[in-house]
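**Q** no FASTA, just this:
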């Protein structure tokens with residue numbers, strides 16, 4: 001086999017989570033020893049560790065690991081970066097896409113690193129507003145570009161499957177620094193991500 005993906009989990013954390021998820025299933029009125037639920041606490045324990053692995057990741061280190069000197073000083077955009085996160089209020093998923101732009105000031109980064117930065121902050125218990133600024137701040141502080149723009153569009157299951165139950169709602173957040181605070185630059189970015 002040319003490729004073998006191996007997932008590893010902290011055994012102590014996994015066992016504690018298994019215990020708590022089994023208790024939760026029983027508190028909800030189900031039989032945790034039923035065939036279909038027998039392995040569910042373990043699967044959920046591992047899934048939650050994967051979905052929150054952003055706590056173990058360092059966005060600045062990711063960007064610095066692929067920071068290159070380059071004289072390019074025009075806008076760089078990576079758009080439609082898929083993101084999946086968990087709302088910290090209900091621990092229900094929200095998902096959508098991020099659009100990131102920056103104007104280099106002597107340094108560029110590998111394009112995939114911008115997508116990885118999104119994952120660092122999405123894979124945590126999160127609110128979209130904070131995540132938008134965390135992505136911007138990591139890029140601004142590490143690359144020190146002339147400006148950064150971040151726009152996130154997401155659908156929140158806490159609004160869709162509970163509460164107000166609005167199936168077509170989309171939440172858009174944005175954050176801008178440097179040259180993106182100028183209306184012309186910001187408008188160019190917004191025009192390019194809506195094509």
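**A** Arrived safely, thanks for sending. The structure displayed is predicted, hence computed values, not measured ones.

**Q** Need the pLDDT of the nearest residue to residue 93 once chain neighbours are set aside.
**A** Nearest residue to residue 93 in three dimensions, chain neighbours excluded: residue 157, at 5.1 Å (CB to CB, 6 or more residues apart in numbering). C-beta coordinates here come from the backbone N, C-alpha and C atoms, glycine included. We have a pLDDT of 95 for residue 157.

**Q** With residue 8 instead?
**A** As predicted, residue 8 sits at a pLDDT of 87.

**Q** and the spatially most central residue of the chain, how far is that from residue 129?
**A** In the chain, the residue lying closest to the centroid (CA atoms, centre = their mean) is residue 122, at 1.9 Å. Look at residue 122 and residue 129: by CB to CB, to the nearest Å, they are 13 Å apart.

**Q** what do you get for residue 83?
**A** Taking CB to CB, one finds residue 83 at 14 Å from residue 129.

**Q** What of residue 47?
**A** Taking CB to CB, one finds residue 47 at 25 Å from residue 129.

**Q** Equivalent analysis for residue 86, please.
**A** Taken as CB to CB, the span from residue 86 to residue 129 is 15 Å.

**Q** Comparing these two, which shows the higher neighbour count?
**A** Each of residue 86 and residue 129 has its neighbours counted (other CB atoms under 10 Å); residue 86 has more, 20 against 13.

**Q** ok but the more buried one is inside a helix, no?
**A** No - counting by DSSP: H, G, I helix; E, B strand; the rest coil, residue 86 is not part of a helix but strand.

**Q** pretty sure it contacts residue 92?
**A** Yes - using CB atoms under 8 Å, residue 86 makes contact with residue 92 at a distance of 7.0 Å.

**Q** Could you check the pLDDT of the closest residue to residue 179 other than its chain neighbours?
**A** Spatial nearest neighbour of residue 179, chain neighbours left out: residue 147 (3.5 Å); criterion: CB to CB, 6+ apart. Looking at residue 147, its pLDDT is 98.

**Q** What values do phi and psi take at residue 147?
**A** Residue 147 adopts backbone torsions of phi 180, psi 160, taken as degrees, to the nearest 10.

**Q** The helix or strand hosting residue 148 pairs with which strands?
**A** Taking DSSP states H and E as the criterion, residue 148 maps to strand 147-156. Looking at strand 147-156 with DSSP bridges, its partner strands are strand 93-103 (antiparallel), strand 171-178 (antiparallel).

**Q** can you map out the strands along this structure?
**A** 67-69, 76-87, 93-103, 107-109, 125-126, 147-156, 171-178 (DSSP state E).

**Q** Turn these into CSV, including distance to residue 53.
**A** Putting the strands of the chain into CSV (distance: least, CB to CB, whole Å) gives the following:
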stretch, distance to residue 53
strand 67-69, 23
strand 76-87, 12
strand 93-103, 15
strand 107-109, 21
strand 125-126, 12
strand 147-156, 19
strand 171-178, 23
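
**Q** Good, wrapping up.
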